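> Structure of the sequence below:
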Amino acid sequence: MRAILALAASLALLAAPAFARVTREPKGRTPRPPSRLEAPRLWSDQAGAFALERPTGDRWSFRGDARGPDGETLPLLAQSVESGAQLIVQSADGVTSLRALTRLLADHLGTEAGVRVQAIENVPSRGGEAYGFAFTVSDEARGRVAVVRAGDHVALVIASWPMGAPPTVADDVEEMIGTLGPAPGRLPTDVF
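Below you'll find the predicted structure:
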């Protein structure tokens, strides 16, 4: 339950508008081909509760040591500095109904001023069972919340980005949610 309250606090922070930074491409240079030594696309949290694939390119940075508003450790904070987008994943063990938890989060977020919550839907995810909903904050930001089964664990995802962010941001968020699941080498206890 503590993780749910921490996620609710994170929702309030993410609903604030973020500002994008404009960068310029250097002129006259050919882009460098990707190296075979680049970081693997699969990102796992330090506790081994979940893993997800990084979006292609270098638009997002991933941290597993960030702190939330109450000082709690966030298993994942992914940020896109260029667009002002961010995605947080927290772990909530002991959840019996993913759909009920998703409903609770939607109801809570829907009470915030200026926030419009869309209907809850099944979300495709590598972890299997997953539910989520989209939200908007006035005419300033968009976001996505998802509750995903990740083996023996449950992952809570909250993402937000400014209204003017490019469509690739929403695509990246959906891709990360879709690849979220158990960490490699971890199977749920009831498989065998």
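> Tell me the pLDDT of residue 13.
Note for residue 13: predicted pLDDT of 46.
> oh sorry, the question was meant for residue 103
If you check residue 103, the pLDDT there is 96.
> What of residue 35?
pLDDT, residue 35: 49.
> ditto for residue 167
pLDDT, residue 167: 91.
> low pLDDT regions in this protein?
Low-confidence segments of the chain (pLDDT under 70): 1-40, 186-192.
> so where do the strands sit in it?
42-44, 51-53, 61-63, 66-67, 73-74, 76-80, 85-91, 115-117, 121-122, 130-137, 141-150, 153-162 (DSSP state E).
> ok now the third one, how far from the chain's centre?
So that's strand 61-63. Chain-centre distance of strand 61-63: 11 Å, with CA atoms, centre = their mean, to the nearest Å.
> Describe which strands that strand pairs with in its sheet and in which direction.
strand 76-80 (antiparallel) (DSSP bridges).
> ok now stretch 59-71, how far from the chain's centre?
Average the C-alpha atoms of stretch 59-71, do the same for its chain, and the two points are 11 Å apart (CA atoms, centre = their mean).
> Now do it: distance from first to last residue.
26 Å (CA to CA, to the nearest Å).
> what's next to it, contact-wise?
Stretch 59-71 has contacts (CB atoms under 8 Å, 6 or more residues apart in numbering) with 6, 9-10, 12-13, 43, 45-46, 54, 73-83, 87-88, 90, 168, 172. Quick note: C-beta positions are derived from backbone N, CA and C, even for glycine.
> ok, back up a step: got JSON lines for the strands of the chain, with distance to residue 183 and mean neighbour count too?
Shown next, in JSON lines, are the strands of the chain (distance: least, CB to CB, whole Å; neighbours: other CB atoms under 10 Å):
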{"stretch": "strand 42-44", "distance to residue 183": "5", "mean neighbour count": "17"}
{"stretch": "strand 51-53", "distance to residue 183": "4", "mean neighbour count": "23"}
{"stretch": "strand 61-63", "distance to residue 183": "14", "mean neighbour count": "13"}
{"stretch": "strand 66-67", "distance to residue 183": "19", "mean neighbour count": "13"}
{"stretch": "strand 73-74", "distance to residue 183": "17", "mean neighbour count": "16"}
{"stretch": "strand 76-80", "distance to residue 183": "12", "mean neighbour count": "22"}
{"stretch": "strand 85-91", "distance to residue 183": "11", "mean neighbour count": "24"}
{"stretch": "strand 115-117", "distance to residue 183": "30", "mean neighbour count": "16"}
{"stretch": "strand 121-122", "distance to residue 183": "23", "mean neighbour count": "11"}
{"stretch": "strand 130-137", "distance to residue 183": "16", "mean neighbour count": "22"}
{"stretch": "strand 141-150", "distance to residue 183": "8", "mean neighbour count": "24"}
{"stretch": "strand 153-162", "distance to residue 183": "9", "mean neighbour count": "25"}
